[in-house]
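J.: pasted the sequence and its predicted model underneath.
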Amino acid sequence: MKFVLIYGPQAVGKMTVGQELSKITGLKLFHNHITIEMLEPLFGFTPEMWQLSDLFRSEIFKAYAASDQEGLIFSFVWAFNEEADWNAVEIMTGIFREVGADIFFVELEAEVEERLIRNKSANRLVHKPTKRNTSHSERELLRTMDTIRLNSYEGEIQEANYLRINNTHLHAAEVAQKIVEAFELPQL
């Protein structure tokens with residue numbers, strides 16, 4: 001079992017890289033907006049929505065870890081200055097560590113100008129309806145830069161299987177290939 005955790009700021013390309021990585025490896029992609037898009041129409045962006053999203057994700061991770069699947073790719077935004085996010089990462093990776101899974105940390109970073117372009121990409125808007133109000137998501141992207149640290153400091157991630165990629169000028173397929181090569185992941 002393999003668990004590939006792809007994280008980084010909004011619109012950095014996590015889901016798109018995950019889609020390409022899934023094509024190459026056959027690992028399934030569970031991007032963070034799957035639960036968000038299911039729950040937001042019912043609850044809005046409320047504490048109840050986030051609580052249910054966390055619960056659903058946790059149960060999905062447990063069921064997947066107990067399955068005979070090859071592995072899972074999960075993408076999300078990690079707020080490094082928020083203890084709750086560190087705890088969430090510990091919980092999700094712990095579920096997979098308990099079954100002896102190989103855990104891979106992939107951190108993406110890109111220049112804000114490129115992220116603002118990607119924020120309006122067709123693939124993003126197809127898979128993330130809550131991002132279709134691009135002026136709102138752009139304001140949120142810029143606002144959070146002042147309050148939330150969305151990339152780690154050098155040396156902060158103490159994992160053996162850790163890779164940081166600046167993908168400002170890279171296509172998602174190139175990034176996925178770098179991940180496969182760095183971690184020697186099996187290919188289809």
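T.: Nice, thanks for sending it over.

J.: check which helix or strand covers residue 137.
T.: helix 134-147 (DSSP states H and E).

J.: other SSEs contacting that helix?
T.: helix 112-118 (3 or more CB pairs under 8 Å, 6 or more residues apart in numbering; DSSP states H and E). Where C-beta positions appear, they are placed from N, C-alpha and C, glycine not excepted.

J.: centre-most residue in the chain?
T.: residue 75 (1.5 Å; CA atoms, centre = their mean).

J.: in its sheet, which strands sit next to the strand or helix carrying it, and in what direction?
T.: Using DSSP H and E, residue 75 maps to strand 71-76. When pairing is defined by DSSP bridges, strand 71-76 lines up against strand 2-7 (parallel), strand 28-31 (parallel).

J.: which stretches of this structure aren't confidently modelled?
T.: For the chain, applying pLDDT under 70 flags no range at all.

J.: which residues touch the top strand by length along it?
T.: Using DSSP state E, we find that the single longest strand of the chain is strand 102-109. Residues from elsewhere that reach strand 102-109 (CB atoms under 8 Å, 6 or more residues apart in numbering): 1-9, 12-14, 17, 71, 93, 96-97, 151-152, 157, 159, 161-168, 175, 179, 183, 185.
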